[in-house]
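**Q** compute the structure for the input listed below.
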Amino acid sequence: MRSVKRTLAILLSSLGLLVIWQVGSTLIASQVLLPGLGPVLTTLVTIVGEGPFLGSVLATVARALQAFLIIVITASICGVLGGKYPLFSAIMSPFVTTLKAVPVMSIILLAFIWFTSGEVPLFSAFLMGFPVMYVQVESGWRTIDGSLIQMCDLYEIRGLDRLIHFTIPALVPSLVTGARVALSMVWKVIIAAEVLTVPRFGVGARMQLAQVQLQTDRVLSWTLVAIVLTAAGDLLFEACVALLALLKRTVDRRRTR
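**A** Next up is the predicted model:
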């Protein structure tokens with residue numbers, strides 16, 4: 001019942017946003033400032049049928065997934081080390097604090113000086129998402145019950161067994177939370193970097209090219225594409241989390257038989 005109410009609330013909220021959009025377009029009465037739903041949807045259909053569409057979408061998705069995987073792997077390893085070793089945490093603290101404070105646009109502009117336009121989104125997304133994931137994993141490690149660690153030491157549970165049966169399950173809530181926030185951030189930074197650097201392929205690059213030509217309907221159409229990609233990424237992530245939870249419950253039931 002709760003899921004039905006939540007779905008209904010999302011649909012009504014989305015419908016409300018569309019109504020506000022259409023009313024605003026009617027009041028402004030300018031296709032350059034704010035085109036209506038009809039022209040934007042027509043342009044969206046046209047964009048989907050164009051040659052650069054698939055290449056741009058795939059390029060953005062590839063950059064986002066690559067950045068996300070790098071963030072999850074490196075931040076998880078560093079987070080565990082930070083939680084386990086106070087000296088490592090102290091070394092990482094200035095780096096993490098700096099990244100959390102630096103504006104996104106500043107990092108993108110600096111990266112554009114150092115790297116090519118295709119590499120800037122990946123580098124920028126990594127620097128923005130790493131602190132979020134790192135802090136979650138480090139905090140998660142510190143909340144692990146010390147008696148459990150002592151038990152593993154007492155029974156000499158080490159190596160891969162300790163990693164699979166103790167470390168990863170204990171860190172799952174922190175890993176999921178950090179990965180969820182990092183993924184949402186990665187999409188925004190990737191597309192923002194593409195807008196500024198205009199690589200050959202990318203959703204953000206297409207937004208920028210449309211903006212230069214004052215094609216507001218195309219800008220909004222590509223924005224809708226970006227929203228769909230972000231929503232699809234979040235849904236896929238939640239589906240993977242639910243599938244892993246189901247597999248874990250299945251394995252646990254078989255072990256108890």
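
**Q** longest helix in this protein, please.
**A** helix 216-256 (DSSP state H).

**Q** count of residues packed around P131?
**A** 23 (other C-beta atoms under 10 Å). Quick note: C-beta positions are derived from backbone N, CA and C, even for glycine.

**Q** element containing it, please.
**A** If you go by DSSP states H and E, P131 is part of helix 120-142.

**Q** next one: that helix to chain centre, how far?
**A** Put simply, helix 120-142 sits 11 Å off its chain's centre (C-alpha atoms, centre = their mean, to the nearest Å).

**Q** what residues does stretch 98-107 touch?
**A** For stretch 98-107, contacts defined as C-beta atoms under 8 Å, 6 or more residues apart in numbering pick out 124, 127-128, 130-131, 189, 192, 196.

**Q** quick one on the thing from earlier: mind saving the C-alpha coords of the helix holding P131 as CSV?
**A** In CSV, the C-alpha atoms belonging to helix 120-142 read as follows (Å, rounded to 0.1, in the frame of the first residue of the first chain):
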residue,chain,number,x,y,z
VAL,A,120,37.7,16.4,-18.0
PRO,A,121,34.2,15.0,-17.1
LEU,A,122,35.7,11.8,-15.8
PHE,A,123,38.3,13.6,-13.7
SER,A,124,35.9,16.1,-12.3
ALA,A,125,33.3,13.5,-11.4
PHE,A,126,35.9,11.5,-9.6
LEU,A,127,37.1,14.4,-7.5
MET,A,128,33.5,15.4,-6.6
GLY,A,129,32.2,11.9,-5.8
PHE,A,130,35.3,10.5,-4.0
PRO,A,131,34.9,12.5,-0.7
VAL,A,132,31.2,11.4,-0.4
MET,A,133,32.0,7.7,-0.7
TYR,A,134,35.1,7.9,1.4
VAL,A,135,33.5,9.6,4.3
GLN,A,136,30.6,7.1,4.3
VAL,A,137,32.9,4.1,4.3
GLU,A,138,35.3,5.5,6.9
SER,A,139,32.4,6.3,9.2
GLY,A,140,30.9,2.8,8.5
TRP,A,141,34.1,1.1,9.5
ARG,A,142,34.3,3.0,12.8
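
**Q** packing partners of it?
**A** If you count contacts as 3 or more C-beta pairs under 8 Å, 6 or more residues apart in numbering; DSSP states H and E, helix 120-142 packs onto helix 51-84, helix 86-101, helix 104-114, helix 168-197.

**Q** now the shortest one, how far from the centre of its chain.
**A** What that stands for is helix 104-114. Chain-centre distance of helix 104-114: 19 Å, with C-alpha atoms, centre = their mean.

**Q** now swap in the longest one and tell me
**A** In terms of C-alpha atoms, centre = their mean, the centre of helix 51-84 is set 8 Å apart from its chain centre.

**Q** same check on the second one?
**A** Relative to the chain's own centre, helix 86-101 is displaced by 22 Å; criterion: C-alpha atoms, centre = their mean.

**Q** for it, C-alpha coordinates in PDB please.
**A** C-alpha atoms of helix 86-101 as PDB (Å, rounded to 0.1, in the frame of the first residue of the first chain):
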ATOM      1  CA  PRO A  86      44.000   6.900  12.400                       C
ATOM      2  CA  LEU A  87      47.200   8.100  10.700                       C
ATOM      3  CA  PHE A  88      45.900   7.400   7.300                       C
ATOM      4  CA  SER A  89      42.700   9.200   8.100                       C
ATOM      5  CA  ALA A  90      44.700  12.200   9.300                       C
ATOM      6  CA  ILE A  91      46.700  12.200   6.000                       C
ATOM      7  CA  MET A  92      43.500  12.000   3.900                       C
ATOM      8  CA  SER A  93      41.600  14.700   6.000                       C
ATOM      9  CA  PRO A  94      43.000  17.800   4.200                       C
ATOM     10  CA  PHE A  95      42.500  16.200   0.800                       C
ATOM     11  CA  VAL A  96      38.900  15.300   1.500                       C
ATOM     12  CA  THR A  97      38.100  18.600   3.200                       C
ATOM     13  CA  THR A  98      39.500  20.500   0.200                       C
ATOM     14  CA  LEU A  99      37.600  18.500  -2.300                       C
ATOM     15  CA  LYS A 100      34.300  19.100  -0.400                       C
ATOM     16  CA  ALA A 101      34.900  22.800  -0.300                       C
END
